[in-house]
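Visitor: turn this into a structure:
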Amino acid sequence: MINHVDRLCGELDAEPQSYWINTSGNDLVKRFVDKADKTTRDEIERLVTGEKIEKSIRLELTYDEIDNSIDNLWSVLFMTGYLTQE
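Guide: The predicted structure is shown next:
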């Protein structure tokens, strides 16, 4: 929003643009998938095919703790918007 208002100061007919597009990556998710065991890969596959799984989510997970357990994958996927709750 601020970038658009700034552009409007010099260009009154400026159209809004997507300033955040392509500014992040999926490296963290890829890292988890690469080290996932068969059970976790099977669960990911179930999600991709539209099935539901039930997992505990740690909302207080810190960046330093992310690599402590493959189970943190589900919290990361939830907090980054890849998964939703029902």
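Visitor: going forward, measure contacts between C-alpha atoms and count neighbours the same way
Guide: Will do.
Visitor: all helices for this protein, in order.
Guide: 2-10, 27-35, 38-48, 72-79 (DSSP state H).
Visitor: could I get stretch 72-81 in CSV with only the CA atoms?
Guide: What follows is stretch 72-81, C-alpha atoms only, in CSV (Å, rounded to 0.1, in the frame of the first residue of the first chain):
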residue,chain,number,x,y,z
ASN,A,72,7.6,-29.5,13.1
LEU,A,73,6.8,-29.8,9.4
TRP,A,74,3.1,-29.6,10.1
SER,A,75,3.4,-26.5,12.2
VAL,A,76,5.5,-24.8,9.4
LEU,A,77,3.0,-25.8,6.7
PHE,A,78,0.1,-24.5,8.8
MET,A,79,1.8,-21.2,9.8
THR,A,80,2.9,-20.5,6.2
GLY,A,81,-0.6,-21.2,4.8
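Visitor: any low-confidence regions in the protein?
Guide: Along the chain, segments meeting pLDDT under 70 span 1, 21-24.
Visitor: show me what counts as buried in stretch 10-21.
Guide: By neighbour count, with 16 or more other C-alpha atoms under 10 Å as the criterion, stretch 10-21 contains no buried position.
Visitor: out of the helices of the chain, deepest packed?
Guide: helix 72-79 (a mean of 18; mean count of other C-alpha atoms under 10 Å).
Visitor: what's the angle from it to helix 38-48?
Guide: 20 degrees (axes from the mean of the first three to the mean of the last three C-alpha atoms, to 10 degrees).
Visitor: determine the set of other helices and strands touching helix 72-79.
Guide: Helix 72-79 sits against helix 27-35, with contacts defined as 3 or more C-alpha pairs under 8 Å, 6 or more residues apart in numbering; DSSP states H and E.
Visitor: let's see that with 10 Å instead.
Guide: helix 27-35, helix 38-48 (3 or more C-alpha pairs under 10 Å, 6 or more residues apart in numbering; DSSP states H and E).
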